[in-house]
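# Build me a model from this:
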Amino acid sequence: MTECPIVETVYGKVKGRACPLAKAQEAKQVFRYSRIPFAKPPVGDLRFEPPEKCDSWDSVKECTKPEPIPMQVHELGHQFSSYLPDIREFESDMDASVNEDCLYLRVYTASPSNAANMPVMVWFYGGGFQFGESGFYPGQVLCGLHDVVLVVPNYRVNVFGFLSLGKATSYSGNVGMLDQLMALRWVQDNIKNFGGNSDNVTIFGESAGATSVALHLLSPLSKGLFHKAIQHSGTVRLPGLVKEDNSVVLKMFLQHLKIAETDPEAIVQKLKSLPAQEVAEAAVKGLAKMQTFGAVVDGKFLPKPPENLLKDGAAATVPSIVGCNNSETSGMLTIYNPPQFFEGFSEEEGSRMCKMWIPLLCRQVDQFDEAVGLVKSSYAKDFSANDKLRWSKIPCQFQRDVFFTVPALEQVRNQSRTGQPSYLYFMTQRMKCHHDADFLMEMKKKPDFCECDHSDDFVYTFGKPLMNGKMSKKCKFSSDEVALSKAWMTYLLNFATTGNPNKGKKVDVEWPQYDFDSQRHLNVRFPLAVSDHLIRDRYKLLNKTLPAL
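Next comes the predicted model:
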């Protein structure tokens with residue numbers, strides 16, 4: 001195994017380990033530096049507090065083992081694990097455990113030299129701000145096929161990262177976002193010695209990670225710490241992730257723990273005295289009522305509601321990519337649906353599901369029956385009356401558009417208004433390891449009408465079809481999926497390098513810059529194509545007609 005160079009950080013020296021080569025003839029040797037501390041352990045008196053700079057060390061720190069998984073109810077993530085191809089560079093990475101002491105990051109680079117001056121990409125993981133970890137996103141392929149430094153930080157999730165007792169208190173919330181901010185500052189101070197250019201940083205993420213990117217685009221505290229942004233399936237409009245406050249879930253949480261104090265300091269002292277696992281388990285009790293701890297308007301990181309900040313012109317003026325997938329809610333997220341969903345909902349059951357999402361389009365619905373009727377008539381025409389799964393498909397398509405498609409269109413439109421180039425994509429590739437027996441192996445099968453599901457995109461983003469490593473569940477990838485992953489990474493790396501996905505390494509299809517009138521976008525599938533007018537008729541229905549009711 002190739003010897004890994006020692007790298008100097010402002011806190012001390014670190015030594016990583018060489019990753020297995022990617023499955024590509026042109027792949028370079030990549031080095032991984034994991035478990036690098038970027039803040040003090042947020043334990044004891046530092047629980048729920050903003051991150052503090054970590055202490056220095058004298059000897060060379062062995063950064064070869066996986067970092068701890070942030071404190072969470074790990075079973076939440078396990079519910080989705082059988083749907084997600086999980087490949088780690090080393091078998092020992094599968095042994096990472098949950099720990100409150102979690103503020104570490106990992107760096108991937110093929111050229112740990114201060115002369116390399118490569119673009120930097122910083123990834124924020126998803127998980128609805130309730131779960132997630134850095135180890136799920138290996139960078140050996142991305143950095144092995146392209147000149148880039150990848151940084152993947154942990155950040156605190158659920159109540160540990162998003163406890164808020166009101167913006168007028170000392171515990172206004174969003175310390176998980178401040179963890180991300182601390183990681184971005186660490187990049188500015190340290191990335192040069194890993195081969196990165198601190199003046200060319202792209203932030204990107206999926207789901208809650210993409211919502212994180214959207215929040216950094218609006219926060220005055222994040223200005224100047226990044227220069228480009230990519231959002232995969234997430235915006236500030238992703239339901240439940242960004243709220244005015246966390247008062248509803250906070251009340252349920254405190255009641256469950258039998259904490260009756262009303263003074264914020266007394267509440268926090270009580271919470272700091274409890275075992276971390278007990279706190280984590282109490283925080284998820286609100287899930288059954290769709291109540292979770294998330295990002296809030298804290299008066300600091302997020303000084304105003306996102307829509308007000310957009311009106312004020314607060315959005316960072318940086319090039320951006322925004323997009324989502326065509327079956328976002330038809331597969332993995334259906335684990336919460338009753339068995340009859342897979343056999344075919346009745347019209348009554350399908351209508352009931354649609355009713356759940358209508359209030360998310362507007363604060364008040366005065367003509368509810370009319371709204372439901374408009375949704376049903378708009379979506380039902382796409383499916384045959386003889387299709388027994390018709391009323392299972394309709395609410396999935398409606399939810400996809402409410403949660404992802406319309407917000408993505410609004411996000412890319414807002415970013416284009418800053419005067420910077422913006423690009424829209426829609427991923428439609430059907431992944432064989434979710435459908436085809438020859439590729440499925442140990443993975444869980446998805447409904448046949450699920451093509452490109454929520455989270456399918458980062459499989460291609462991180463080149464998992466080209467990875468050598470340990471699989472948690474066996475599966476295989478097709479040659480088309482390998483080719484698509486290579487092509488997709490090239491677009492993203494061209495963008496991270498130049499601000500234009502077409503400029504740099506050769507691409508087969510020119511990705512047009514976003515324009516509201518045509519809504520031209522990259523249709524991410526194999527073979528690649530350019531399409532226009534994404535959900536043209538429904539965009540007006542969901543963004544104008546229904547809110548007007």
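# and Pro407, that one's in a helix?
Yes. Note on Pro407: a helix contains this position according to DSSP: H, G, I helix; E, B strand; the rest coil.
# number of nearby residues for it?
As a burial measure, Pro407 scores 26 neighbours (other Cβ atoms under 10 Å). To be clear about C-beta, it is placed using only N, CA and C from the backbone, and glycine gets the same treatment.
# Check whether it really touches Pro239, as I assumed.
No. When contacts are counted by Cβ atoms under 8 Å, Pro407 is not listed as touching Pro239 (9.4 Å).
# for the worst-scoring helix or strand of the chain on mean pLDDT, packing partners?
The helix or strand of the chain with the lowest confidence, counting by mean pLDDT, DSSP states H and E, is helix 74-81 at a mean of 80. Where contact means 3 or more Cβ pairs under 8 Å, 6 or more residues apart in numbering; DSSP states H and E, helix 74-81 is not packed against any helix or strand.
# I'd like the next helix or strand past it.
Once the chain leaves helix 74-81, the next helix or strand it forms, by DSSP states H and E, is strand 87-88.
# Outside of the helix or strand that comes right after that next one itself, list whatever touches it.
Beyond strand 87-88 on the C-terminal side, the first helix or strand identified by DSSP H and E is strand 104-109. Residues outside strand 104-109 that contact it (Cβ atoms under 8 Å, 6 or more residues apart in numbering): 16, 19, 30-38, 63, 67-68, 116, 118, 134-135, 138-140, 142-143, 149-154, 183, 186, 191, 194-196.
# For Cys19, give me the pLDDT.
The per-residue pLDDT reported for Cys19 equals 96.
# same check, this time on the one 10 residues further on
Looking at Gln29, its pLDDT reads 97.
# same check, this time on the one 10 residues further on
In this model, Ala39 is scored at 98, pLDDT.
# Packing partners of the longest helix along the chain?
Scanning the chain for the helix with the most residues, using DSSP state H, yields helix 479-498. When contacts are defined as 3+ Cβ pairs under 8 Å, 6+ apart, helix 479-498 packs onto strand 118-124, helix 140-145, strand 196-206, strand 228-232, helix 456-461, strand 521-524.
# Quick one, which of those gets closest to Ala314.
Proximity of these to Ala314 was assessed by Cβ to Cβ; the nearest stretch is strand 228-232, lying at 14.0 Å.
# partners of that closest one, with directions?
The sheet places strand 228-232 alongside strand 196-206 (parallel), strand 320-325 (parallel), with pairing taken from DSSP bridges.
# Can you tell me what sits against the next helix or strand after it?
Of the helices and strands lying after strand 228-232 in sequence (DSSP H and E), the nearest is strand 242-243. Around strand 242-243, the neighbours that count as contacts under Cβ under 8 Å, 6+ apart are Thr211, Leu215, Val236, Gly294, Ala295, Val296, Val297, Leu302, Pro306.
# right, and the pair among the residues you listed with maximum separation?
Thr211 and Val297 (14.2 Å).
# Glu52 - that's part of a helix, no?
No. The assignment for Glu52 (three-state DSSP) gives coil, which keeps it out of a helix.
# just checking, it touches Pro41?
No. Counting by Cβ under 8 Å, no contact exists between Glu52 and Pro41, whose distance comes to 9.6 Å.
# the more surrounded of these two?
It is Pro41, of Glu52 and Pro41, that has more neighbours when counted by other Cβ under 10 Å, with 19 against 13.
# So the more buried one sits against Leu103, correct?
Yes. In this structure Pro41 lies within contact range of Leu103 using Cβ under 8 Å: 6.7 Å.
# Buried ones in the least confident helix or strand of the chain, by neighbour count?
Burial within helix 74-81, assessed by neighbour count using 16 or more other Cβ atoms under 10 Å, is assigned to Leu76, Gly77, Phe80, Ser81.
# Throw those into CSV and include distance to Ser485, thanks.
What follows is the buried residues of helix 74-81, written out as CSV (distance: Cβ to Cβ, whole Å):
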residue, distance to Ser485
Leu76, 27
Gly77, 23
Phe80, 21
Ser81, 21
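# Now, the contacts of strand 104-109 that are in strands?
Helix and strand membership here follows DSSP state E; of the contacts of strand 104-109, those in strands are 31-37, 118, 149-153, 196.
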